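Peer 1: quick one: sequence and predicted model below, then my questions.
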Amino acid sequence: MGFCLMLFILVVLVGCLTFPSEVLSWGSLALIPVANEALAPIMACILLGNLGASISEVAKDALVAEYGHNTKLPGLQSYAYMASAIGGVLGNLLGGFFLLKTHQTKSMFLAFAAMLMFQLTISLTTREESLGLSQPSIQRTRLSESVPQIIKKQYTDLTVAVREEGILHPLFWLVSSILVIPMLSGSIFCYQTQCLNLDPLIIGMSKVTGQLMLLGLAVVYNRFGKTVPMRNLAVGVQILYAFSLLLDLVLVKGINIQIGISNEVFTLCFSGLAETIGQFKLLPFYVFFASLAPQGCEGSLMSFLASVLCLSSIFSGFLGVGFASYLGINSGDYSRLPLGIVVQFVLALLPLCWIGFVPDLQAVAVDEKCGRIGRSKRTRMNRRVGRVVFDSAAISYRRERESDLRR
């Protein structure tokens, strides 16, 4: 129980404060006068901060996967999502508090840098053994193999795991469902601030609303969603995500005003819904891939998954910038923004055309007799169908039978 509490606290810190490298970005914006005035230093600081956030996401997913495997806790990723959502709520509330009380961004940046230093101290003083992570034959490995050999072996193991159809096909669908959608969030933000003259505090509080919704969705999924077949869940969430993108169209067209909802209230309640559903869409796949990961490759596979998803999100953002430029959307002309939102909606439905790549299986199987997550001994024996050889070391893993795939 203590291990779970410590893991929960660490994930909350990651969600609230991200990665220690952001100390440099936030600290520079707070202490260096030129850094928050010139465009180039601001872009450099933001790039460094986003780099740290991306690294922290990869490290967090690997940590959760390793811990869940060692403690035999399937579906631990849903609890990590809850903790991350709580951290996001606290972080956004803290930022809004500083802006509201001081009306100066420097004090907010300095406070975040100080908290990141606190996180760095915790990270440096926390040993992996305290999290219940095993350290198998580390000293023997260091003596018998060099660092390049260890990296090559890990790369070979990961390549073999990713090439498995049960992992490759759903991974292809998940990544492609992000890549094909040009994100217009930057254009929407500019429209909200420049045309609607919304208070940045309202937009920031919409992030808090989104994180609260993400927390609720994670709780619901942890309670009821793990037994829903992956394909049905992916279809439902993708359709819901596509229609949530149309909420921006409601705001741009002023439909909310016509039905008596102000721009401030609509933005606060619905502006972050699409982003929230997009984040939630990843949760079932994290649980699914963690359950399929071969023994000894859990952390590597989940780190690879997080890296690929970060890369696809970056590409989607660049695609959105190019698409907005192609449509002629700029600070002086948002007339074609509705067209861009409609195109977003259509492209969000496009991945349903190859939904067959997602298996019609549960993310985590449920023992029918005990009514608990996991597999009975007889079921595990019946579904153990092979071995994967990782660099001359045979490692058993479980894979669903072809009969399950046909259901």
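Peer 2: Yes, it's here.
Peer 1: any regions of the stretch 301-407 of the chain where pLDDT drops low?
Peer 2: Along the stretch 301-407 of the chain, the parts satisfying pLDDT under 70 run over 363-407.
Peer 1: show me where the chain dips below the pLDDT cut-off.
Peer 2: For the chain, the stretches with pLDDT under 70 are 1-43, 45-46, 49-50, 52, 54, 74, 99, 102-105, 128-147, 363-407.
Peer 1: spatially central residue for it, please.
Peer 2: Geometric centre of the chain, nearest residue: Gln279, 5.5 Å, by CA atoms, centre = their mean.
Peer 1: now do the helices in the stretch 51-200 of the chain.
Peer 2: In the stretch 51-200 of the chain, the helices defined using DSSP state H, counting those that start in this stretch lie at 76-102, 105-125, 138-144, 147-162, 165-179, 185-190, 200-224.
Peer 1: and the longest one, what does it pack onto?
Peer 2: Helix 76-102 sits against helix 2-17, helix 39-70, helix 105-125, helix 200-224, helix 282-292, with contacts defined as 3 or more CB pairs under 8 Å, 6 or more residues apart in numbering; DSSP states H and E. (Glycine included, C-beta is placed from N, CA and C.)
Peer 1: buried stuff in it?
Peer 2: Neighbour counts over helix 76-102 (16 or more other CB atoms under 10 Å) mark 76-96, 98-99 as buried.
Peer 1: and for the second one?
Peer 2: In terms of neighbour count (16+ other CB under 10 Å), helix 105-125 has its buried residues at 108-113, 115-116, 119-120.
Peer 1: same check on the fourth one?
Peer 2: Of the residues in helix 147-162, those scored as buried under the neighbour-count criterion (16+ other CB under 10 Å) are 153-154, 157-158, 160-162.
Peer 1: can I get these in CSV with distance to Phe288?
Peer 2: Output for the buried residues of helix 147-162, formatted as CSV (distance: CB to CB, whole Å):
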residue, distance to Phe288
Lys153, 26
Gln154, 22
Asp157, 20
Leu158, 17
Val160, 19
Ala161, 14
Val162, 14
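Peer 1: how about those residues, which pair is most distant?
Peer 2: For the buried residues of helix 147-162, the maximum inter-member distance is 15.1 Å, found between Lys153 and Val162 (CB to CB).
Peer 1: how about the nearest residue to Leu268, chain neighbours excluded?
Peer 2: Spatial nearest neighbour of Leu268, chain neighbours left out: Ser206 (5.3 Å); criterion: CB to CB, 6 or more residues apart in numbering.
Peer 1: quick one, what contacts the one you found?
Peer 2: Neighbour list for Ser206: 267-269, 271-272 [criterion: CB atoms under 8 Å, 6 or more residues apart in numbering].
Peer 1: change it to 7 Å
Peer 2: For Ser206, the contact set (CB atoms under 7 Å, 6 or more residues apart in numbering) comprises 267-268, 271-272.
Peer 1: try Phe270
Peer 2: Neighbours of Phe270 in contact, by CB under 7 Å, 6+ apart: Leu247.
Peer 1: mind checking how far it is from Ser185?
Peer 2: Per CB to CB, to the nearest Å, Phe270 is found 14 Å from Ser185.
Peer 1: please identify the buried residues of the strand or helix carrying Ile341?
Peer 2: Assessed by DSSP states H and E, Ile341 sits inside helix 337-349. Residues 337, 340-341, 343-345, 347-348 are the ones in helix 337-349 that count as buried (16+ other CB under 10 Å).
Peer 1: kindly report the same for stretch 217-234.
Peer 2: Neighbour-count burial for stretch 217-234, counted by 16+ other CB under 10 Å, picks out 217-219, 221-222, 225-226, 230-231, 233-234.
Peer 1: for those, which one is nearest Phe172?
Peer 2: Out of those, the member with the shortest distance to Phe172 (by CB to CB) is Ala234, at 12.5 Å.
Peer 1: how deep is the residue lying closest to Gly210 once chain neighbours are set aside tucked in, by neighbour count?
Peer 2: Once flanking residues are discounted, Gly210 sits nearest to Gly272: 2.9 Å by CB to CB, 6+ apart. Under the neighbour criterion other CB atoms under 10 Å, Gly272 is assigned a count of 24.
Peer 1: the residue nearest to the centre of the chain touches Leu214, doesn't it?
Peer 2: Yes - counting by CB atoms under 7 Å, Gln279 touches Leu214, with 5.8 Å between them.
Peer 1: returning to what we had before: the helices of the stretch 51-200 of the chain into TSV, with extra columns for distance to Gly322?
Peer 2: Shown next, in TSV, are these (distance: least, CB to CB, whole Å):
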stretch	distance to Gly322
helix 76-102	29
helix 105-125	29
helix 138-144	46
helix 147-162	29
helix 165-179	13
helix 185-190	12
helix 200-224	24
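Peer 1: that older thread, how near is the residue nearest to the centre of the chain to Gly88?
Peer 2: Separation of Gln279 from Gly88 (CB to CB): 9 Å.
Peer 1: repeat for Cys190
Peer 2: Distance check for Cys190 against Gly88: by CB to CB, it reads 23 Å.
Peer 1: how about His69?
Peer 2: From His69 over to Gly88 (counting by CB to CB), the distance is 26 Å.
Peer 1: Pro359 too?
Peer 2: Remark: distance between Pro359 and Gly88 (CB to CB) = 30 Å.
Peer 1: same question for Tyr191.
Peer 2: Tyr191 is 24 Å from Gly88, by CB to CB.
Peer 1: Ile329 contacts Gly340, doesn't it?
Peer 2: Yes - Ile329 is in contact with Gly340 according to CB under 7 Å; the separation is 6.4 Å.
Peer 1: how many other residues sit next to the closest residue to Ala161 other than its chain neighbours?
Peer 2: Once flanking residues are discounted, Ala161 sits nearest to Cys297: 5.0 Å by CB to CB, 6+ apart. Using other CB under 10 Å, Cys297 is surrounded by 22 other residues.
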